[in-house]
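Participant: Following is a predicted model, sequence given first.
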Amino acid sequence: EILSPSNRKTDLQRKALLYANSGVEEYWIFDPEKRRILVQRLVDGKPDTEIFTMGSVSSAVLPGFSIDIEELFAGMVD
């Protein structure tokens, strides 16, 4: 998901909980406003969210998939 002012609350709360309850193993939320990536993973059936603001983020369910945060947000204008 990519957060925008109009969907921010829904994606961060309701949708994340809905996905976790549906068994979605990994849910990535791109937050351009704060230049970060939130990754929610199911750990023992419960959602656990990590926030990444620098470096590289790798998927636990898609081997070899990763994103460099600085590179992702480099072209953004404040």
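Facilitator: Done, it's in.
Participant: all contacts plus neighbour counts: C-alpha atoms, from now on.
Facilitator: Fine.
Participant: do you know how far residue 72 is from residue 12?
Facilitator: Residue 72 sits 20 Å away from residue 12 when distances are taken as CA to CA, to the nearest Å.
Participant: Secondary structure class of residue 54, three-state.
Facilitator: Here residue 54 takes the coil state, with states given by DSSP: H, G, I helix; E, B strand; the rest coil.
Participant: so it makes contact with residue 67?
Facilitator: No. Residue 54 is beyond contact range of residue 67, at 10.2 Å (criterion: CA atoms under 8 Å).
Participant: What ranges does the chain have for its strands?
Facilitator: For the chain, applying DSSP state E gives strands covering 26-31, 36-43, 46-52, 56-58, 66-68.
Participant: Out of these, flag the one nearest residue 17.
Facilitator: Proximity to residue 17 (CA to CA) singles out strand 46-52 among the strands of the chain, at 7.9 Å.
Participant: which residues touch residue 38?
Facilitator: By CA atoms under 8 Å, 6 or more residues apart in numbering, the contact list for residue 38 reads 28, 29, 30, 31, 49, 50, 51, 52.
Participant: quick one on the thing from earlier: could the strands of the chain be laid out in CSV, adding mean pLDDT and distance to residue 76?
Facilitator: Putting these into CSV (pLDDT from 0 to 100; distance: least, CA to CA, whole Å) gives the following:
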stretch, mean pLDDT, distance to residue 76
strand 26-31, 94, 12
strand 36-43, 95, 12
strand 46-52, 94, 17
strand 56-58, 97, 18
strand 66-68, 96, 14
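Participant: can you put these in TSV and add distance to residue 20?
Facilitator: Output for the strands of the chain, formatted as TSV (distance: least, CA to CA, whole Å):
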stretch	distance to residue 20
strand 26-31	8
strand 36-43	7
strand 46-52	6
strand 56-58	19
strand 66-68	21
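Participant: ok so, going back, report the buried members of the contacts of residue 38.
Facilitator: For the contacts of residue 38, a burial check counting by 16 or more other CA atoms under 10 Å picks out 28, 29, 30, 31, 49.
Participant: Now for these: which two are most distant?
Facilitator: Put simply, by CA to CA the two of the buried ones among the contacts of residue 38 set farthest apart are 31 and 49, 13.7 Å from each other.
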